[in-house]
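Undergrad: Need coordinates for the following:
(one chain, ligands or ions: 1)
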Amino acid sequence: MQTFRTIKSLDQCLKGYRPAGLRVGFVPTMGFLHEGHRALIAESVARCDITVVSIFVNPTQFGPHEDLERYPRALERDHELCRTAGVSLIFVPNASEIYPPGFQTSVEPGPVAEPLCGAFRPGHFRGVITVVTKLFNIVQPDVAFFGQKDFQQCAVIRQLVRDLNLGVEIVTVPTVREPDGFALSSRNSYLSAADRERARCLSRGLFAAQAAFQAGERDSRTLVETARAQMMEVDCLQYLELRDAGTLEAIPGLVEQPAALCVAAYVGATRLIDNVLLTPPPAALSDHELELVSHAINRQATAGAEGPRSS
Ligand code: PAF
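TA: Predicted coordinates:
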């Protein structure tokens, strides 16, 4: 495994692989890696010839009062996880490598970035897709891997790739969870033991709604209220919304298309997000939707063999 700090040195190395037609997988991260990142890397290693991981805490996706300064960092541990997970190359640029003096261009997302986190974190997705576009241009991967936990991020990046013809296949990997269902995140390290205990109610609520959906409930309001009833222990429920899984448009009445129930909440000073997919039975789906659902079900079945870790 080789580590690169500059775009030039990484590019020189990647140039050596390209003539051989090797399939390049890419896992962009902000570091402080955990088992969720390991699942992204494993997927890349399984599907690609070489796997590149970037570790860069991207300043442009943080708001002025957010946690950029205290975002957790553990570079040595990250290296070890990458090494044992089979990563080929790590790219660890500093901020001036990505945003040199005079930098002034960014990528503006469309309506898919407006609801949910977009409504509470102005400019966040502009920062995300600007850096993702830059990283895609630097690494030029065939496939890139993102976690389902950042559900809106996945939708915004898919839209980016479609709209700007970036030619990168986007793979969404199911959320990895603790045995009690709590979704893994680098920001979980901020939680005290008591807050961590309270934070369980988020996944409990999402799974309650998912169970109600699987039992036949289709009314979006009832499904949301089923989840909300479990989430009373958080300090501030920022949003809890059922959205179309592809467009992220609101679903006001009956859920008749693949949907995602998405939540963001503060527990203490820590902002947490999570989501579950609600997918109607295949008879109601188009061929394309059917393919998406059967893919999701296969993934859940594989993950289910390891316990309640994925959604
Ligand atoms: O999901 C993340 O860790 C970040 O938003 C990403 C995609 C690496 C861009 O900075």
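Undergrad: And the strands in this protein?
TA: For the chain, the strands defined by DSSP state E cover 2-4, 24-29, 50-55, 89-91, 143-147, 169-173, 236-244, 259-267, 270-278.
Undergrad: Partner strands of the third one and their direction?
TA: The reference is to strand 50-55. strand 24-29 (parallel), strand 89-91 (parallel) (DSSP bridges).
Undergrad: just the last one next, same as before
TA: Partner strands and pairing direction for strand 270-278 (DSSP bridges) are strand 259-267 (antiparallel).
Undergrad: What is the neighbour count of Arg177?
TA: 22 (other Cβ atoms under 10 Å). Every residue, glycine included, has its C-beta placed from N, CA and C.
Undergrad: now Arg198
TA: Applying other Cβ under 10 Å, we find 18 residues neighbouring Arg198.
Undergrad: thinking again about what came up before, and the ligand, which of the strands paired with strand 50-55 is closest to it?
TA: Among the strands paired with strand 50-55, the nearest to the ligand by Cβ to the nearest ligand atom is strand 24-29 (3.9 Å).
Undergrad: Check which residues of that closest one are buried.
TA: If you call a residue buried by 16 or more other Cβ atoms under 10 Å, then strand 24-29 has these buried ones: 24-29.
Undergrad: so that strand versus strand 143-147, what angle?
TA: For the pair strand 24-29 and strand 143-147, the angle between their directions (axes from the mean of the first three to the mean of the last three Cα atoms, to 10 degrees) equals 30 degrees.
Undergrad: Columns pLDDT and distance to the ligand on top of the buried residues of strand 24-29, output as a markdown table?
TA: Shown next, in a markdown table, are the buried residues of strand 24-29 (pLDDT from 0 to 100; distance: Cβ to the nearest ligand atom, whole Å):
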| residue | pLDDT | distance to the ligand |
| --- | --- | --- |
| Val24 | 97 | 17 |
| Gly25 | 98 | 15 |
| Phe26 | 98 | 10 |
| Val27 | 99 | 9 |
| Pro28 | 99 | 4 |
| Thr29 | 98 | 5 |
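Undergrad: Which two of the residues you listed have the greatest separation?
TA: Within these, Val24 and Thr29 form the most distant pair, 16.0 Å apart (Cβ to Cβ).
Undergrad: got the contact list for the closest residue to Met231 other than its chain neighbours?
TA: Spatial nearest neighbour of Met231, excluding adjacent residues (Cβ to Cβ, 6 or more residues apart in numbering): Gly205 at 4.3 Å. Contact analysis of Gly205 by Cβ atoms under 8 Å, 6 or more residues apart in numbering lists 226-231, 240, 263.
Undergrad: residues in contact with the residue of the stretch 151-300 of the chain found nearest the ligand?
TA: Sorted by distance to the ligand under Cβ to the nearest ligand atom, the residues of the stretch 151-300 of the chain start with Gln153, at 5.8 Å. Residues near Gln153 by Cβ under 8 Å, 6+ apart: 117, 125, 128, 146.
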